[in-house]
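Asker: I need the structure of the sequence given here:
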Amino acid sequence: MNSDELIKAVNFLESDKGLERDLIFASIEKGIRLAILKKYKIEEEAEEANHVKVTIERGKGTVKAQMQVLDAAGHPTIRELEPEELGRIAAQSAKQQMIQSFREAESEDVFERYKPRVGDLVTGQIKRLDRHVATVTLDNDRNVEAIMPLTEQIRGETHHENERIKAVLLEVKKVGNRVKIVLSRTHPDFVRRLFEEEIPEVADHTIEIRAVAREAGNRAKVAVSSIDMKVDPVGACVGMKGSRIKNIVEELNGERIDIVRWNDSLQVLIPNALQPAAISEVQLYPRLGRAIVLVQEDQLSLAIGKRGQNVRLASKLVGWDVEIMTYDELNRSLDKSQLLFQQIPTLPDSLIESIITEGCFDYDDLGYSMDPAEIVELAGDSITLDEADTIIAYAKERADDIEFIIETLEGLSVSESDVYLFPKIQRAVVQVRESQLADALALNERISRITGRLSGWDAFITTRDGYDLALQKARHWFAQIPGIGETVPIMLLADGFLTYRDIRSLDAEYLVTMSGGTISQDDAEQALRYVSQWAEEMDNSVWEPAPAEAAPEAAEEVESAGSAESFDSLFGGDQTAEPEPGTGADGGAEPAPRQPEA
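Answerer: The predicted structure is shown next:
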């Protein structure tokens with residue numbers, strides 16, 4: 001190649017590939033130099049390699065190659081090399097090296113130009129489709145190709161070759177000597193850029209998009225605010241008769257968009273994000289980033305949304321974990337939290353309320369959302385760091401046990417709130433839906449896996465109504481035990497004791513300790529003799545509270561007629577009538593409990 005041809009080639013590469021002129025000349029010089037080293041078998045790292053010089057005169061394209069050699073007297077001298085001396089093989093190597101250098105330079109140039117543009121809106125034309133992966137030629141640079149994987153395409157869309165599309169620049173990274181550019185139409189930033197393109201007030205920053213939450217192809221929530229009090233951010237985004245938002249919805253293939261008015265107060269923002277549901281109250285727990293949203297029963301399904309979509313998007317929008325509850329559900333959750341945390345051996349009762357107040361409602365919250373130092377702080381330094389470590393470790397262990405139970409019973413719609421663990425009596429109670437009870441009880445292999453992990457424990461599967469019924473029955477029967485007062489029955493229920501048979505396994509000292517010393521050893525022994533005497537009658541009875549006018553002291557009536565069957569499935573009892581307090585199983589007088597032996 002003569003000088004004129006070299007200059008023409010450089011000019012072509014400069015205009016067609018957009019490469020810098022000096023970079024092209026440097027790549028050619030590098031290629032020729034490597035060809036010389038290969039010709040004369042000089043290693044790149046060798047000392048001799050430092051004496052091989054190649055320069056190209058930029059204006060004329062004249063190549064000048066020199067290398068240092070030894071003359072006849074052994075003295076170093078500079079020798080001028082002609083390109084013809086390199087030979088065909090060396091010249092081919094030089095050509096390959098130059099091509100590689102050009103590619104590296106081109107890739108570096110593309111990377112430097114597109115890396116800062118991540119998040120920008122781009123347009124292009126689909127060049128080809130391969131297994132649903134679209135290769136797109138970008139409009140502003142026909143030599144640059146990007147890909148749009150199936151995961152970054154809006155669900156339900158069907159693309160075809162030569163189709164023009166808009167997308168957001170998701171990722172730019174180097175892969176070997178190439179640059180990989182990934183486009184996305186599912187990322188929340190795609191919605192953000194479309195708003196900037198379609199709505200002038202967003203483009204000039206009069207209206208600011210504060211947050212975007214999206215489930216591509218289905219629904220999105222966009223929170224907006226305005227720096228101009230005269231500009232309504234929601235109205236400006238919607239446009240006259242929806243003209244502005246309509247164009248965006250069409251580009252998103254019909255995706256529904258909720259425009260939410262931003263407010264710095266979460267007490268206002270969260271209800272805005274959950275519209276159109278009417279919110280009664282918002283409780284915030286900053287330590288855990290949790291918000292409990294309370295609604296009336298008739299607003300519950302509306303606030304949660306179809307398959308939980310409304311609350312899920314609201315959580316993403318505000319950046320907090322939002323949970324929707326009715327007041328009754330919250331009260332049940334608080335009761336269960338109290339019950340759970342009372343099982344932790346080293347957790348003082350005085351600290352339980354503080355932990356719940358911080359938003360910890362279960363073992364997972366306590367074990368994985370709080371650290372020992374925070375526990376010590378809540379306790380007011382009344383416990384040590386080591387004791388706090390023990391509390392956290394216990395909560396993590398129980399959280400893992402519950403997760404294992406849920407995974408083992410996969411397919412039965414069991415959640416964390418459906419599992420109760422009672423370590424003191426070594427019992428796991430799992431609540432399932434009424435329609436799934438028979439299937440759950442038939443899963444002997446799965447239940448064995450649960451009891452295998454919780455070595456020595458019992459696993460009981462029941463319905464929520466069945467468990468409520470069991471608690472009502474236990475509360476009624478425990479109230480008949482003489483000599484233990486009112487506190488001990490409540491604590492027995494909290495520890496998972498549901499029958500006289502459970503209590504029969506205890507010793508008198510346990511009851512005395514549980515009462516805090518308010519009952520004597522004799523009272524405890526008398527109570528244990530009583531429960532042993534009446535254990536079988538309790539097991540074989542079905543709890544059917546009498547009408548209020550006949551037995552005012554009876555527990556509240558159970559609404560579900562199927563609850564007795566649920567309770568039976570839990571305890572396997574016969575359907576015999578329960579004796580009235582003070583009477584025996586046959587309706588006769590109840591035998592007086594034996595007096596403690598002297």
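Asker: Now do the closest residue to residue 166 other than its chain neighbours: how many residues are near it, please.
Answerer: Excluding its sequence neighbours, the residue lying closest to residue 166 (Cβ to Cβ, 6 or more residues apart in numbering) is residue 123, at 5.3 Å. Yep, even glycine has a C-beta here, placed from its N, CA and C like the rest. Per other Cβ atoms under 10 Å, the neighbour tally for residue 123 reads 12.
Asker: Isn't residue 123 up against residue 141?
Answerer: No: when contacts are counted by Cβ atoms under 8 Å, residue 123 is not listed as touching residue 141 (11.5 Å).
Asker: Am I right that residue 292 sits in a strand?
Answerer: Yes: if the criterion is DSSP: H, G, I helix; E, B strand; the rest coil, then residue 292 is within a strand.
Asker: How many residues are close by the closest residue to it other than its chain neighbours?
Answerer: Nearest residue to residue 292 in three dimensions, chain neighbours excluded: residue 283, at 4.3 Å (Cβ to Cβ, 6+ apart). Applying other Cβ under 10 Å, we find 14 residues neighbouring residue 283.
Asker: May I ask which helix or strand encompasses residue 283?
Answerer: Following DSSP states H and E, one finds residue 283 within strand 281-285.
Asker: any idea which helix or strand carries residue 98?
Answerer: Counting by DSSP H and E, residue 98 is part of helix 87-114.
Asker: what distance separates that helix from the centre of its chain?
Answerer: 45 Å (Cα atoms, centre = their mean, to the nearest Å).
Asker: Report the next helix or strand after that helix in sequence order.
Answerer: Following helix 87-114 toward the C-terminus (DSSP H and E): strand 121-130.
Asker: so what does the very next helix or strand once past that next one touch, helix or strand wise?
Answerer: The element immediately downstream of strand 121-130 (helix or strand, assigned by DSSP H and E) is strand 133-138. Secondary-structure packing of strand 133-138 (3 or more Cβ pairs under 8 Å, 6 or more residues apart in numbering; DSSP states H and E): strand 121-130, strand 145-148, strand 164-175.
Asker: Let me know which of those strands is tucked in deepest.
Answerer: strand 145-148 (a mean of 20; mean count of other Cβ atoms under 10 Å).
Asker: Return the distance of that strand from the chain's centre.
Answerer: 29 Å.
Asker: Alpha carbons of it, in CSV - could you do that?
Answerer: The C-alpha trace of strand 145-148 is given here as CSV (Å, rounded to 0.1, in the frame of the first residue of the first chain):
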residue,chain,number,x,y,z
GLU,A,145,-26.6,-2.2,17.5
ALA,A,146,-28.5,-2.9,20.8
ILE,A,147,-30.5,-5.9,22.0
MET,A,148,-33.8,-6.0,23.8
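Asker: Next one, pLDDT for residue 539 please.
Answerer: On pLDDT, residue 539 comes in at 76.
Asker: swap that for residue 598, sorry
Answerer: Reported pLDDT for residue 598: 31.
Asker: And the residue nearest to residue 166, how far from residue 30?
Answerer: 37 Å (Cβ to Cβ, to the nearest Å).
Asker: which outside residues touch stretch 393-413?
Answerer: 340, 343-346, 362-364, 366-368, 414-416, 419, 421, 423, 428, 430, 432-433, 436, 439-440, 443, 446, 449-450, 453-454, 459 (Cβ atoms under 8 Å, 6 or more residues apart in numbering).
Asker: Okay, and which of those map to helices?
Answerer: 340, 363, 364, 366, 367, 368, 439, 440, 446, 449, 450, 453 (DSSP state H).
Asker: Now for the residues you listed: which two are most distant?
Answerer: 366 and 439 (32.0 Å; Cβ to Cβ).
Asker: So for those two, which sits in the more crowded spot?
Answerer: A count of neighbours by other Cβ under 10 Å puts residue 366 above the other of residue 366 and residue 439, at 27 against 14.
Asker: any idea how far the more buried one is from residue 422?
Answerer: 17 Å.
Asker: Drop anything exposed from the contacts of stretch 393-413.
Answerer: Neighbour-count burial (16 or more other Cβ atoms under 10 Å) applied to the contacts of stretch 393-413 gives 340, 343-344, 362-364, 366-367, 414, 416, 419, 421, 423, 428, 430, 432, 436, 440, 443, 446, 449-450, 454, 459.
Asker: Pretty sure residue 249 sits against residue 243.
Answerer: No: shown here, residue 249 and residue 243 do not form a contact pair, counting by Cβ under 8 Å, at 11.1 Å.
Asker: When those two are compared, which one has more neighbours?
Answerer: Taking neighbours as other Cβ under 10 Å, residue 249 and residue 243 compare with residue 249 leading, 16 against 10.
Asker: Helix, strand or coil: sort out the more buried one for me.
Answerer: Assignment for residue 249 (three-state DSSP): helix.
Asker: need the contact list for it.
Answerer: 255, 256, 257.
Asker: Give me the neighbour count for the last one.
Answerer: When counting by other Cβ under 10 Å, one arrives at 19 neighbours for residue 257.
Asker: Check which helices and strands the one helix or strand it maps to sits against.
Answerer: For residue 257, the host element (DSSP H and E) is strand 256-261. Packing contacts for strand 256-261, counted by 3+ Cβ pairs under 8 Å, 6+ apart, involve strand 219-226, helix 233-238, helix 243-251, helix 266-273.
Asker: so what strands line up beside that strand?
Answerer: Strand 256-261 has its sheet partners listed here by DSSP bridges as strand 219-226 (parallel).
Asker: what is the orientation angle of the strand it pairs with with helix 266-273?
Answerer: 130 degrees (axes from the mean of the first three to the mean of the last three Cα atoms, to 10 degrees).
Asker: buried set for strand 219-226?
Answerer: Here strand 219-226 shows 219, 220, 221, 222, 223, 224, 226 as buried, counting by 16+ other Cβ under 10 Å.
Asker: now those as JSON lines including pLDDT?
Answerer: Below are those laid out as JSON lines (pLDDT from 0 to 100):
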{"residue": "219", "pLDDT": "95"}
{"residue": "220", "pLDDT": "96"}
{"residue": "221", "pLDDT": "97"}
{"residue": "222", "pLDDT": "97"}
{"residue": "223", "pLDDT": "97"}
{"residue": "224", "pLDDT": "97"}
{"residue": "226", "pLDDT": "95"}
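Asker: Please identify which pair of those residues lies farthest apart.
Answerer: Longest span within the buried residues of strand 219-226, Cβ to Cβ: 219 and 226, 23.6 Å.
Asker: can you give me the helices for the stretch 451-598 of the chain?
Answerer: Remark: helices assigned in the stretch 451-598 of the chain by DSSP state H, counting those that start in this stretch are 464-478, 487-494, 500-504, 508-514, 521-539, 563-571.
Asker: Let me see the mean pLDDT of the last one.
Answerer: Meaning helix 563-571. Computed over helix 563-571, the average pLDDT equals 36.
Asker: before we move on, the earlier item: report the buried residues of the strand holding residue 257.
Answerer: 257, 258, 259, 260, 261.
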